[in-house]
Structures are given as C-alpha cells and as structure tokens.
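**Q** sequence unknown, structure follows:
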C-alpha cells in the first residue's frame, strides 16, 4: 500500500512545485530523500540502561531499530572517552519515511502544549530542515507511564534537488508542515 503523503507528493505537490518555480522536468522538483531521527544521551556515560531505554523508545516511535552512536574522540571537559556510547539514531527512507512524517505532522506536533508551529528558519545551505523536539512523549506510541526519563530528539529532513531554502520550505509546507511564520502555523 502506498503511503498517503507519497501519493500526495506525486499527484498534487509535484505539479504545484513545477508551476510555482517554473520547472520543466518533474525530476527537477525537490523531493524528500531521507529523515534522520537523532537522540543525544549524555547520561549514557554513567548508566548504559538509560541509552538502552532510549533506544527502545526510538524504535517504538520510528518503527525501525536505531543504531548506537559512539564518541569519535575524547573530550576531557565532558569526561568522554573515545568509543563511549553517547546517543542513537535512525535513518528512515522510502515508505517508512512518509509514514513517520505523516504521524509527526498530523498526530505528534499537535500534541505539543501551546503549539504555534515549527520555526521556519532551521534550514541549512543545502535546503535540509532540522526540527528539535524537547520530549518523546508527544508520540502516541510511547506510553507516558512507562517513561523513566524525558528525552529530546532532533529530526532532520534531507531534501534532494532543492536549489534554495525557499524551494525546500515550500515542499515541506505543501506536505503539511505547520511553519510558525505562515498562516497555517498561527493557531
């Protein structure tokens, strides 16, 4: 079964983007390549069980097993040795990526208290968008009673073929991302 956002991309978003940015070829339209969900867990140095619990929760949220991230070099001020586990991440592609994005936009983000939209200025030079979330409990897959520690995460939307941040922002806006500087984000 094709994800809802993928069908929307093919049928609605591509023609609108071609018309808006005067593109001749549908393959020149920016597209979502992957979504990377990252959790940095500094307390994992003291207790590895915190990292294991966070990895379980990230697997529930994304539907894919995360990989453990280790320190690339030693940092004495933070008491980090080379090779210490310091976080976890998941890279989502294809259908799983669109399903996660659908759940994020339509279910998880509206559950944030006093939500006014996501910031519209978190794009890098290549058009990728990074969104920081302060707690994992906004996702319905995580049971609030079983959470031992509130943990934040970074979600990066990697966009291919975006020639400017305006193109990347328009792509995410057409997917339904509620930016705070647009009318949709002013709730």
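**A** Received it, and whenever you're ready, just let me know what you need. As the structure is a prediction and not an experimental result, all values here were calculated from the model.
**Q** mean confidence for the lengthiest helix in the chain?
**A** Counting residues, the longest helix found in the chain (DSSP state H) is helix 48-62. Regarding helix 48-62, the rounded mean pLDDT is 85.
**Q** what comes up buried for it?
**A** By neighbour count on 16 or more other C-beta atoms under 10 Å, the buried set for helix 48-62 is 50, 51, 53, 54, 55, 57, 58, 61, 62. Heads up, the C-betas are built off the backbone N, CA and C, glycines and all.
**Q** not counting sequence-adjacent ones, nearest residue to the last one?
**A** In space, and not counting its chain neighbours, residue 62 is closest to residue 90: 4.6 Å by C-beta to C-beta, 6 or more residues apart in numbering.
**Q** got a list of what that neighbour touches?
**A** Shown in contact with residue 90 (C-beta atoms under 8 Å, 6 or more residues apart in numbering): 36, 37, 58, 59, 62, 64, 65, 66, 67.
**Q** burial count for the last one?
**A** Looking back up the chat, that one is residue 67. A count of nearby residues for residue 67, using other C-beta atoms under 10 Å, gives 12.
**Q** with the second one instead?
**A** Other residues within reach of residue 37 by the criterion other C-beta under 10 Å amount to 22.
**Q** list the contacts of the residue nearest to the spatial centre of the chain.
**A** In the chain, the centroid-proximal residue (C-alpha atoms, centre = their mean) is residue 155; its distance is 2.6 Å. Listed by C-beta under 8 Å, 6+ apart, the contact set of residue 155 reads 35, 36, 37, 38, 104, 130, 131, 132, 133.
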